[in-house]
Each structure stands twice: as structure tokens, then as C-alpha cells.
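**Student:** Sequence unavailable; structure follows:
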């Protein structure tokens, strides 16, 4: 069943929507441990998001970016 107001394009296969998609990989960069923790907790509640790493400075962030190849990076 489609959400109200949602009309798939012609030829759209509804079974594709039900396929398991990869989670969105997120890297959180913030100098505040409290902020990193709050953002991590908030994003971890979303089933399609995975916080792959956190970093407190750009030097650590660079290494984590190369290692985890995140889809999204949050910055303060």
C-alpha cells in the first residue's frame, strides 16, 4: 500500500521498494564529546542509518573518512 498522495512513476516495480537497502553510513565530527554522543544516539534510532565512526578533530576525521568511506559527514 502506498502512502497517501504517493504515486509511483509508470513502470515502477513496488517490490523494489521492499528490498533491503544498505544503511546510510554517517561520520560525526564534533569537538564536543557531549554533542557527538547526542547526535550518535539520535541517528542510531533510525533503522536505515548507521553511525560508522566519530571524530573530535580533522586529523582523526581524515583517517576515519578513508577507513569507513561514509555517505554523510556531520560537522559543527
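**Tutor:** Perfect, I can see it now. This one's a predicted model, so the numbers in the text were calculated from it and none came from an experiment.
**Student:** Now do the same contact list for residue 67.
**Tutor:** Neighbouring residues of residue 67 by C-beta atoms under 8 Å, 6 or more residues apart in numbering: residue 53. From N, CA and C alone the C-beta is placed, and that goes for glycine too.
**Student:** swap in residue 53?
**Tutor:** 27-28, 64, 67-68, 70.
**Student:** cutoff 7 Å now
**Tutor:** Contact analysis of residue 53 by C-beta atoms under 7 Å, 6 or more residues apart in numbering lists 27, 64, 68.
**Student:** wait, which of those is closest to residue 74?
**Tutor:** The shortest approach to residue 74 among these belongs to residue 27, at 7.4 Å (C-beta to C-beta).
**Student:** For the contacts of residue 53, pick the one with the most neighbours.
**Tutor:** Most neighbours among the contacts of residue 53, by other C-beta atoms under 10 Å: residue 27, with 21 neighbours.
**Student:** wait, isn't that one in contact with residue 69?
**Tutor:** No. Assessed by C-beta atoms under 7 Å, residue 27 is found out of contact with residue 69, at 9.3 Å.
**Student:** The contacts of residue 53 in helices, which ones?
**Tutor:** Counting by DSSP state H, the contacts of residue 53 place 64, 68 in helices.
**Student:** And the strands in the chain?
**Tutor:** Remark: strands assigned in the chain by DSSP state E are 24-29, 49-55, 72-75.
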